[in-house]
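Trainee: Give me the fold of what follows.
(one chain, ligands or ions: 1)
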Amino acid sequence: MDKLIIEGGRKLHGEIRISGAKNAALPLIAATLLIPGWHVIHNVPDLRDTRTILVLLESLGAIWKREGETLSINTETLNNLEASYDLVKTMRASILVLGPLLARMGKARVSLPGGCAIGARPIDFHLQALTKMGADLDLEDGYVSAFTDDGLSGATICFDVPSVTGTENILMAAVLAKGVTVIKNAAREPEVGNLVDMLISMGADIAGRDTDQLTIHGAKSLMPAEVTTIPDRIETGTYLIAVGAAGGEVTLKNCNPAHLPALLEKLRATGLIIKESVNSIFVSKPSIVHSIDIKTQPYPGFPTDLQAQLMALMSLSNGLSVITETIFENRFMHVAELKRMGAEIQINGNSAIVKGVKQLRGAQVMATDLRASASLVVAGLAAKGVTEISRIYHLERGYENMVEKLQALGARVSKEKD
Ligand code: EPZ
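Mentor: Below is the predicted model:
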C-alpha cells in the first residue's frame, strides 16, 4: 500500500484545474447500459472508482475507450447480467447498474453492497421503489436478483430521505418504464441534475430537474447520449478548505461555484476571502480563521462529503466549533487521527465539538475512508512538521492527481510505498 508524505507549514499559491465529478461520472457511466450504441461522456476523471465501474461494465459485456478525459462506451452486447461481489464490495455505487439493467433487460443480479466505514448504508429505498415499479426481487446469498416479465411500470415513489443514488437508480429505471413515474423527496444534488441532462439527451421526458419532485414519462425507445460531466464540487471544496488551513492564495479553474452555496457562505463566515466567477474561484486566507458551526444536510445544505475537511480547518480556528453530522451514523473516523495531530475534539453523539488550537503537529496517521483521508491531507498541509498518511488508496478513489495538483500549488507532498 502507498502512503503520502506531507511536509506541512507551507502556504499554497497558484492555480489548478478541478476535475470532473466522481459522483456524477458514476451514474452517467451506468446510464449507458440503458441503450445500445456508442455513448460519449466528456470530462470524466481517471480515478479508482471510475476505473472500477468500467471494469464492472466490461464484465457485463460493454466495451469502452478513453481518449484523454472523454470516454466512449458501447453496451450493444450485454452477455452477463450479474454484478459480482468482488467488484461491488470495492465500490457501493455499483448498485447504480441495477436500475438500467432492469429497465433494458428485464432482469439483473447485483451483489448487495456491504456497509462501509461511514455507515450501514442500506439500499432499501432502491429496492422498495423498484418493487413498486413491478420488479420481483429476491434477496439471497448476499445478492439481489431482480426480474420483471413484462417491463417496469411507472409508479409514485416517495423517499423517506432524499437518497442520491436512490434517486439516480429510479430515474434510470423510469425512463424506459411504461407510464409515468413521480419521485417525491428526490435528491437535488447537482450530480442528479447531470444525470437528468444525459437522460434527456437520450430522448427521455423528465420534468422537475433540481427540485425535490421528478416526473418521468417512460419512453418506448431512447438513443445513445453525449454529455459532459460537471466539475467536482467536493474536490473544489476540499482545495478551498486546504487554503483556509495552510494559507496562501489559489485560483481554482473549471469549477462551478453555484454548486457550493452552503460551503462558500460558511467559508466566508470564517473570514476566508472568496471571489467567484462563472467557472473559477479565487480564495485567500486571512490572518485569523473564525470558528463556525455546521450541520450537514442534503443539497443545497452543507455537504456531508465536506464535513471531515471542514473539521480539520476548525481545528485551527480561534474558538469553539460544533460540527453536526446528520446524514451518516459513523462519519467521525477522522477525529481520532486529527487528535493525533494535536486537534482538540470531543464527540457528543452526532456532534463534534472542536476547540481551535494554534498549531497542529505532523504525525503518522491512517486514512479510513475517502473524505476522512482528505481531512488528514488538509491538516497535514497546515501542520508543523511531517505527516505520513497510510492507506491512501481511499484518497485515490475520489481525487484525481492530488499529489501533482498540490505540488503545483507549492506544497511539499510525495507518495511512497508503505
Ligand atoms: C451519495 O451516496 C454519494 N455517493 C456519497 O458520497 C454522499 O456522501 C451521499 O450521497 C450523501 O450526499 C455517490 O453519489 C456515489 P444516500 P448514497 O443514499 O447515494 C440513507 C463520497 O464520499 N439511505 O443519499 O449512498 C443512508 O444510509 C460518497 O463521495 C437509506 O437508509 O447516499 C444515508 O443515511 C460517500 N436507505 C442517507 O439515506 C437507502 O436505500 C443518504 O444516503 C438509501 C439511503
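Trainee: which stretches of the stretch 101-250 of the chain form helices?
Mentor: 124-132, 164-174, 190-201, 233-246 (DSSP state H, counting those that start in this stretch).
Trainee: Throw those helices into CSV and include distance to Glu400, thanks.
Mentor: Any C-beta I mention is one placed from the backbone N, CA and C, and that applies to glycine too. Converted to CSV, the helices of the stretch 101-250 of the chain look like this (distance: least, Cβ to Cβ, whole Å):
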stretch, distance to Glu400
helix 124-132, 28
helix 164-174, 20
helix 190-201, 16
helix 233-246, 8
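Trainee: Tabulate those (CSV), appending mean neighbour count and distance to Ala25.
Mentor: Output for the helices of the stretch 101-250 of the chain, formatted as CSV (neighbours: other Cβ atoms under 10 Å; distance: least, Cβ to Cβ, whole Å):
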stretch, mean neighbour count, distance to Ala25
helix 124-132, 19, 19
helix 164-174, 28, 12
helix 190-201, 22, 9
helix 233-246, 26, 12
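Trainee: I'd like the ones you listed laid out as JSON lines, including distance to the ligand and mean pLDDT.
Mentor: Formatted as JSON lines, these follow (distance: least, Cβ to the nearest ligand atom, whole Å; pLDDT from 0 to 100):
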{"stretch": "helix 124-132", "distance to the ligand": "3", "mean pLDDT": "97"}
{"stretch": "helix 164-174", "distance to the ligand": "3", "mean pLDDT": "98"}
{"stretch": "helix 190-201", "distance to the ligand": "6", "mean pLDDT": "98"}
{"stretch": "helix 233-246", "distance to the ligand": "6", "mean pLDDT": "98"}
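Trainee: Of all those, which one is nearest Leu34?
Mentor: Taking Cβ to Cβ, helix 164-174 is the member of the helices of the stretch 101-250 of the chain nearest to Leu34, at 6.2 Å.
Trainee: Can you pull the residues of the stretch 151-300 of the chain lying near the ligand?
Mentor: Taking Cβ under 6 Å from any ligand atom as the criterion, the stretch 151-300 of the chain approaches the ligand at residues Val161, Ser163, Val164, Thr165, Gly166, Ala187.
Trainee: Among those residues, which pair sits farthest apart?
Mentor: Farthest pair in those, by Cβ to Cβ: Val161 and Thr165, 12.2 Å.
Trainee: so which strand or helix has Gln346?
Mentor: strand 344-348 (DSSP states H and E).
Trainee: got the contact list for that strand?
Mentor: Residues from elsewhere that reach strand 344-348, judged by Cβ atoms under 8 Å, 6 or more residues apart in numbering: Met311, Ser315, Phe332, Val335, Leu338, Lys339, Ala352, Ile353, Val354, Lys355, Gly356, Val357.
Trainee: what does the next helix or strand after that strand contact?
Mentor: The helix or strand immediately downstream of strand 344-348 is strand 351-355, counting by DSSP H and E. For strand 351-355, the surrounding residues in contact (Cβ under 8 Å, 6+ apart) are 291, 311, 314-315, 317, 319-325, 332, 335, 343-347.
Trainee: Among those, name the buried ones.
Mentor: Buried members of those, scored by 16 or more other Cβ atoms under 10 Å, are 291, 311, 314-315, 317, 321, 323-325, 332, 335, 343, 345.
Trainee: which one among those gets closest to Val192?
Mentor: Nearest to Val192 among those, with distances taken as Cβ to Cβ, is Glu325, at 21.4 Å.
Trainee: Is it correct that that closest one is in contact with Met333?
Mentor: No. Using Cβ atoms under 8 Å, Glu325 is not in contact with Met333, being 11.0 Å away.
Trainee: give the contact list for the nearest residue to Leu240 once chain neighbours are set aside.
Mentor: Residue nearest to Leu240 in three dimensions, not counting chain neighbours: Val283, with 5.1 Å by Cβ to Cβ, 6 or more residues apart in numbering. Each residue near Val283 by Cβ under 8 Å, 6+ apart is listed here: Leu240, Val243, Gly244, Glu249, Val250, Thr251, Leu252, Leu267, Leu272, Ile273, Ile274, Lys275.
Trainee: Can you list the buried residues in stretch 221-229?
Mentor: Those would be Leu222, Pro224, Ala225, Val227, Thr228, Thr229, for stretch 221-229 by 16+ other Cβ under 10 Å.
Trainee: Would you mind pulling the contact partners of it?
Mentor: Here stretch 221-229 makes contact (Cβ under 8 Å, 6+ apart) with 20-21, 24-25, 28, 31-32, 34-45, 175-176, 194, 197-199, 201-204.
Trainee: again, 6 Å this time
Mentor: For stretch 221-229, the surrounding residues in contact (Cβ atoms under 6 Å, 6 or more residues apart in numbering) are 20-21, 24-25, 35, 37-44, 198, 201-203.
Trainee: what do you get for stretch 91-101?
Mentor: Contacts for stretch 91-101 (Cβ under 6 Å, 6+ apart): 26-27, 30-31, 33-34, 49, 52, 56, 81, 83, 87-88, 108, 110, 113, 123, 165, 169, 172-173.
Trainee: give me phi/psi at Leu87?
Mentor: Backbone torsions of Leu87, given as degrees, to the nearest 10, read phi -80, psi -50.
Trainee: how much space between it and Val196?
Mentor: The gap separating Leu87 from Val196 is 26 Å, by Cβ to Cβ, to the nearest Å.
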